[in-house]
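Below: sequence and its predicted model.
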Amino acid sequence: MMSLEDKIRTLNPQQREELKSRLAGALNQMPEATRASMLDRLRGLQTSTAPSMARPATAPPSATATPQAPADLQWWQKGLQAVAAPFEAVEKGFATAVTAPFTKPVAGTENLPFWERERAEYEAWQSPWGVKGAIQSVPWFATAIASGGIGVVGGLGARLGISGLTKAAAIGTKVLKPALQVERIINYPISKPLELAAKKVLPGVVSKAARIVTDLQPMNDAISAATQPSKLRSLVNMSIGGKQPFKGMAEAIAGKAATADNPAAVGLVGRAILRFEGANKAIATTSTLNRLGNSKKLFNLTDEGLMKIGEKEVHLNTIRTYPEKYAKNLTSKQNDWIRQAQILEQEKLALLERNGIEINKLNFEDGGVYAGRRVVGKFTPEGELIEGGYIGAGQPAKPGVKMAQEKTRVFNDIKEATDAGFRYLPEEEALYYNTAGAYNRVADKQFANWFLERVPYRTTAVGGDIAVANTTMKGTQTALKQMNSIALKLKNNESVSGQMLRGIKKYYPEEYEQIKLFTKGKYTQSDVDGVLRFVWNEQKTNAADWANIKNEFTKARKSLVRPGFTGTMAPDIPAFAGKVFTSPEAKDYINIIRKELNPQFNSALNAVNQVNAVGRYFALAGDVSVGGIQLLFLAGAHPKIYGKAMTGFVRSFFDPLYHDNFIAKHLATIQNHPGLIISKGGATEMTEAMAREGLLNKGPLKIIGTPLVPFQRGFETALDTAGVYMAEAYQHLGTSPARMAQVDAFINEFRGLLSTKRLSLSSTQRQLERATILAPQYNRAVGALLTDMTQGNLRGQLARQAMIKGTGAIMAMTVAVSLAMGESEDEIADHLNPMSSNFMTWDVAGQRVGPGSKVRSLMYLFGKITKNPEDAAYHASRFVRGNFSPFLGTSIDLITGKDYMGDPTRDGLLNLTETVVGENLLPIWVQSVTTEGGELKERVLRGLTEFGGGRAYPAGSYVELRELQDKKAQEQYGVSWEALGQRADGMVAQMQIARDPELQQLTMKASEESAKFAHGEQLVWNSYTDRADQVGNVVLKEIQQASVQFEATGDGSKLRERVNQAYWLKSQMMNELLQQDEFKLVKDAFGKPLTPAQRQEMQPQKLLYRDYNELMYSPDMFDQYGEYRFDEADRRRQQFIQHYGSEALASVEAVIGEKRADEPIAVKALRQAREVLKPYWAIEDAVYAKYATGLKQIAVQIDNIERTDRIAAKRLLLKYPDIMRARKLIAVAKKRMKLQHPDMATALRIFYS
C-alpha cells in the first residue's frame, strides 16, 4: 500500500496546488508555528517532486528528481555536504534565471509554477561541456569581487572536496535566504499533523485532475464584476419623466454592460463575457498543441490535409482517430503532436461533462478514438464559425459530437465547398473552433440557467400518470423495434453489436437474457422466428392502448403549449423550448435576447472593414512600434516587464513557436485571469488583417502579407508577454472575482487592448466603428485608461500608479535627451510643456523626432487647445480626421483634394498613387522614407524612428528659415534675428538681410507650408492678402498695357491718363475689399486706433502694413470731386519713408501689391517727370499766396466752369480782376522756367501736351 507521502508525490502540479490550498484551511486549528512549519514542508515536498503527467516514451527523465549522495562519501563529508547544499541551490538558481530565455520547454511541465518549469528546463538542457559549470560559478566570482572573498571557507571546501563551499563567497547575503529555506525543507518528512490533515482532503484533490481546458468563471461572478453599482452607472440609468436620456449615449460608449437593467440585458452581458473568456482560453489551450509545430509542415500534408503513408494518402484526422494503427509510421514528434491533440479532445469532452451538457459518445469497435473535425468552415464577417462541413466519403463516417450552433454539410470536392463560402481548416484550427464551440455551449447553458432562475415560467411538459404512460409506451416501442432488428440480423447471419441490446432490458428483462445468448451464436432459426412472433404479438396486443395513450397525451400537451394572454414562448431558442414565460415583461425580455442572438451584418461595411484592417495593421503593428506606442508607458511603470516583452518580440520574430511555448508555459496564469486578452493569431483589431480571414492572407495580397508574418508574431508576443507578467505581478490583488476583473481590465487597457464584444456592443455598432475609426478598440482602451485615473476603485488606483511611474520615466528620459543635446533649462522645460510645439520632440538632423503613443498625442492636443481655446474646433477636427479609418480617410482626402495635413491628394498620378496605395498598403515608416522627401540620412532617421514606434517628420522650411535668419543676423550684426528686430533700425536691417536669394527662396517655401496649416483669423488674413495681391496684379497689368501703348504711339498724355485711372481703380478696389463682410476682421484691425502699448506689442511687420494702409487709403485721399489725389499720395509716401525708411516702404508695397520696382520704364519716366515738374506746378501756389486767402479756390472753380460755359466764366473773371493778373504772372513765370530748365519743357511736351 502506498504511503501518504508517495501518494502526494504522484500528484500532478495542479493537484498539489489544490492540496496545498485545501490544507491551508484544514490546518487553521493548529498552533501558528506548527501550521507554518507544516506548510513549509508541504512546499518543500512540492519542490522535490517531479511532474507526474503522462509523457511519451521519448520524454526526458524527471528534471527535478532529488540527486543521491555518492556512496563513497565519509560520514564527515556527508555532514559537510548538507552545509554545502544551499550554495549549490544558489548557483543553480542563478543559472536557471540566466538561461531561462534560451532553454527549451520540457514536455509535461505546462502547468508547473514558473520557477519549477525553468528549473526543469535547465536540468534537462544538454549544454556544451563546461558551460553549465561556468554559468554556475558566476555568482561566486561576482560576490567575491564585491565582498573581497572568503578565503578560509574556500580553502576548507577545497581540502574537504566540497565544491559548494569552494565557490561560496557571501553566506549571509539576502539572495541565499530563499535558497537555504527551500533546500532545508526538502529534507523534512511529512509529520503526523500534516498527514492527518492531508488524509481528509486528498480524495477531493485527486478527483480534481489538473486541467488544460478549465471551466469558465461562474455567471454570477462575471455579471457582478461587470455591473458593479456606481454613481456613474446610476446617472446614466436615471429616469427623467419616464425616459432615460443618457442611456443611449452611455450604451454607445461603454456598451450594454453600463446600462443593463433587466434580467435579459444583464444576462446577455454575462454571456458575452463568458464567451469572450472561452475564446481566450481556447487560444491558450490550443497553444499547447501549436507549440509542437504546424501540422502541415510537421506531417508534410497536402492542401487537403492528406499525408503520404506508403502508397496511400491518409487524412490527418483519420490518423488522429486511429493513432495506434499509424503510430509506427510516424516520427516521435508526430506522435507527440497526435497525443497532445487527443489530450485536448479529452479535456474538451471533460469540460462539457462537468457542466452537465449531454453528448453522444462514439464507440469505435476497431480501437479508434474520437477526433473532433471540421474539414471546411464558413465564418461570419467577425470571424466566428457558423457552419462546418466535410468533403467526400473518405472522412470519418460519423460526425461525432456536434455543438448546438453547428450544422454539418457534405461536399463532393473542395471547389464545391469554396463556392459555398467555406474554406479548408487545418487540424489545429478546427480543434480551436471545437474548443471555442464547447466553451460557447457552456456559456449559453450558464446564461440560460441564470435567466430561468430570475424569470418566472412554466414548462409545457405533460406530467402525471399520462406522462409516465407515454414514456413507458415509447420505451416499449423502441425495445420491440430493437428486438425486431436484432432478429432480422440473426436471421441473415449478420453480426450484432452490443449497442443494439440497449433499451431492451428495462422493459423485457427475460427476453433480453435470451437474446443476449442468441447474439453469442447460441440460437436456432426457430428461436429467431419466435422473437419475431413475440414482437408482432406485443405490438398487436398493445396497439389500442397505445392509441389511447397517444391521444390523451396529445390533448394534455395542446393545453399546456398555449401561452395564454400574458405568456410568452421562445421555441426558436433551444434552451427555452418547452417553456412558457408568465411575467408581463417576458415578451420584451425574449425580444431582447432574440435580437442579440441574431446579429445583423452589413456586407458592404464588412468589405470596407477588410480594407481598413490592412491599413490598421500597417499603422499600428507592421513594425517594431509596439515598444514605442502600446507599451511606451510600461517602460517606466514596469521596466523589467517591458524588457521581457521586447525580448519576446525579438525571439518570436525569429522563432515561429516561441509565442505558443510562452502561452503554454503560462497557461495557469491565463486561466486564473478570465478577463486577460490574449492577442495571438490576429485576435485583436491591430493584427486581424493577418488572421486566417484577413485580407493579407488571401489572394494576391498574401504575397505582401507573408514577409510581415514575423512582425505580427513579434507584436502579439510582446503584448501577451507584457500582459502575462503584469498578471503575475498583480495576482495578489485579485482577492475576489470583482477585483480580479478590475486587474484584468487595467492590464488590457495599459497595453492598448479592449474587447467591444465583451462590452456587449451591438454588431452593427462594431462594424460602423471599424469602418470609420482607425483603431476603435485601441482608442477605447486609451480613453478607458485615462477615465480610470479619475476613479476611486482598484482599477483607478492601478491606472494612476502606472501612469505616474510611466510619465515620470518619460519625463526623465526627456530631460536626459535634452541635456545630452546641450539645451538650456528653458529649452528643457519647453520639451515638457504640452502647449509647446517642442513637446517631447527634438530637432535632429533637420527632422523633428520624439516618442509616439496615443497618450502623448492626446496630451499635445489638450495643450494646443488650452493655449488657444478659440482654435479648439480646428485642432480637434484635425485630430479626429487623422484618426479616421483608412477607407474613410482616403475617401475624404480624394473628395476634398487635400489630406488632413493640407497636402494635395489628386493633383497628379503621383499624388493619387500615394493617397490610395501608399497610405493604405505601406507601413508608416516606409511612407515616411519614400514620400516625405529629404536626403538619404534624413529619410533613414525618420524611417528608423517610425519603425521603432516614435514620431519623426521633416522640421519644415520655417525652422530652416529661422536658423538661416539667425546665421545671417549674427554674421552681419552680431545678434540673433529676433534681437535684431527689437532695435530701432532693426526692421530696415532685417529687410536688407531678407534680400538674400537663399532667404527669399526659403521664405516663399515656408509661406507655402504655413498656408497649409492656416486656420481661424490667419485664414482671413491670408485670403485678404491674396485678394489684395490680385488687385495689385490688375493695376500692374493696366500700367504695363499703357506703357506698351506709349512706346507704340508716343502719346505721353494718354499714358498719364491711364496710369492715373489705374491707381484710382486700385484705391477703389482696396476700399471695396475692406467693405466685404468676410474681411470685417481686417477692417476692424485697420480702423481701430492703437494705444502706445498696443503698438509696442504688435509685430513690427503688421504695424508697418497698418500704418501704410491708414496713410495711403484713408478717405481724405480723394478730393471733393472724388478724384484720387496723386500728389497727396506721393507726399504721404515720402512721409512714410521719413518715418520708417525706404526699405520698409519697398517691403510693404511688395507685399500688398504695389510692386513699383516692377513698373515699366515709361511709368518710371512719368513718375520722374512728376518729380521734375514739382517746381513748375508750385509756381501757381506761390503766385496766389500773394493775394487774398481763398482766391485760388475761386480761380479753380472758374476754371472748372470755363470748361463747359465760357461766357459765364468771363462774367465771373470781370468780378475778380486779381485772378486775371495772377494768371498773367503764372504764365510768364512758367515760360521763363521752361526756358531755364529744358528737362521740364521735355516732360511737359511728352506727358502734358
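Sure thing, it's come through. Residues are numbered from 1 along each chain as shown.

can you pull out the strands in this protein?
306-309, 312-315, 376-379, 385-391, 408-411, 423-424, 457-459, 568-569, 579-581, 842-844, 847-850, 951-954 (DSSP state E).

the helices in the stretch 951-1100 of the chain, which residues?
957-973, 977-981, 986-993, 997-1012, 1017-1049, 1052-1075, 1080-1087, 1092-1097, 1100-1112 (DSSP state H, counting those that start in this stretch).

helices and strands around the longest one, which ones?
In terms of contacts (3 or more Cβ pairs under 8 Å, 6 or more residues apart in numbering; DSSP states H and E), helix 1017-1049 is packed against helix 1052-1075, helix 1080-1087, helix 1142-1152, helix 1161-1172. To be clear about C-beta, it is placed using only N, CA and C from the backbone, and glycine gets the same treatment.

Kindly report which one of those helices carries the lowest mean pLDDT.
Ranked by mean pLDDT, these bottom out at helix 1142-1152, with a mean of 66.

Which residues in the longest helix along the chain does the neighbour count mark as buried?
In the chain, taking DSSP state H as the definition, the longest helix is helix 525-561. For helix 525-561, burial by neighbour count (16 or more other Cβ atoms under 10 Å) applies to Val528, Val531, Phe534, Val535, Glu538, Trp546, Ile549, Phe553, Ala556, Leu560.

Show me which of these is closest to Ala260.
Using Cβ to Cβ, Leu560 comes nearest to Ala260 of the buried residues of helix 525-561, at 31.9 Å.

so that closest one sits right up against Gly464, yeah?
No: contact between Leu560 and Gly464 fails when scored by Cβ atoms under 8 Å: they sit 11.4 Å apart.

quick one: Ser885 from Asn779, how far?
Applying Cβ to Cβ, to the nearest Å, the value for Ser885 to Asn779 is 11 Å.

of these two, who's got more company?
A side-by-side neighbour count of Ser885 and Asn779, using other Cβ atoms under 10 Å, places Ser885 first with 24 against 17.

Next, give phi and psi for the more buried one.
The phi/psi pair for Ser885 (degrees, to the nearest 10) reads phi -60, psi 160.

now swap in Lys1186 and tell me
With angles defined as degrees, to the nearest 10, Lys1186 sits at phi -80, psi -10.

where in the stretch 901-1050 of the chain is pLDDT low?
Scanning the stretch 901-1050 of the chain for pLDDT under 70 picks out 901-921, 956, 958-959, 981-988, 1008-1018.

Just give me the neighbour total for Ser583.
Residue crowding around Ser583 was assessed by other Cβ under 10 Å; the count is 16.

Grab the nearest non-local neighbour of it.
Sequence neighbours aside, Pro456 is the residue nearest to Ser583 in space, at 5.2 Å (criterion: Cβ to Cβ, 6 or more residues apart in numbering).

and that neighbour, what is it in contact with?
Contact analysis of Pro456 by Cβ atoms under 8 Å, 6 or more residues apart in numbering lists Phe581, Thr582, Ser583.

Now the second one: closest residue in space that isn't a chain neighbour?
What that stands for is Thr582. Closest to Thr582 by Cβ to Cβ, 6+ apart is Pro456, at 5.1 Å.

can you pull the pLDDT of that neighbour?
Note on Pro456: pLDDT of 88.

and what of Lys361?
Here the pLDDT value assigned to Lys361 is 56.

Next one: the residue nearest to Leu1173 when sequence neighbours are not counted from Ala1165, what distance?
Leaving aside its sequence neighbours, Leu1173 sits nearest to Ala1243 (Cβ to Cβ, 6+ apart; 5.4 Å). From Ala1243 over to Ala1165 the distance is 9 Å, taken as Cβ to Cβ.

Can you pick out the residue with more neighbours from those two?
Ala1243 (22 against 18).

Pull the contacting residues for the residue nearest to Gly270 when sequence neighbours are not counted.
The spatially closest residue to Gly270, leaving aside those adjacent along the chain, is Ile223, at 4.2 Å (Cβ to Cβ, 6+ apart). Contacts here follow Cβ under 8 Å, 6+ apart; on that basis Ile223 touches Val266, Gly267, Val269, Gly270, Ile273, Trp450.

Swap in 10 Å and give it another go.
Neighbour list for Ile223: Ala257, Ala260, Val266, Gly267, Val269, Gly270, Arg271, Ile273, Leu274, Phe447, Trp450, Pro737 [criterion: Cβ atoms under 10 Å, 6 or more residues apart in numbering].

quick one: which of these is nearest Asn434?
Among the contacts of Ile223, Leu274 lies closest to Asn434 (Cβ to Cβ), at 17.4 Å.

related to what we said a few turns ago, the residue nearest to Leu1173 against Pro1175, yeah?
No: at 11.4 Å, Ala1243 does not count as touching Pro1175 under the criterion of Cβ atoms under 10 Å.

so what's in contact with the two at the same time?
By the contact definition Cβ under 10 Å, 6+ apart, Ala1243 and Pro1175 are jointly contacted by His1237.

still on that earlier bit, for Ala1243 and Ala1165, list the residues in contact with both.
Here Ala1243 and Ala1165 share the contacting residues Gly1052, scored by Cβ under 10 Å, 6+ apart.

give me the number of residues near Ile309?
14.

Need the overlap of contacts for Ser885 and Asn779.
Shared contacts of Ser885 and Asn779, defined by Cβ under 10 Å, 6+ apart, are found at Glu769, Ile773.

Check the average confidence over stretch 240-253, would you?
79.

Tell me how far the residue nearest to Thr582 lies from Ser495.
Remark: distance between Pro456 and Ser495 (Cβ to Cβ) = 53 Å.

And Gln970, by the same measure?
106 Å.

rewinding a little: for the buried ones among the contacts of Ile223, write the corresponding ChimeraX selection.
The buried residues among the contacts of Ile223 can be selected in ChimeraX (16+ other Cβ under 10 Å) with this line:
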select :257,260,266,267,269,270,271,273,274,447,450,737
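
Much appreciated, bye for now.
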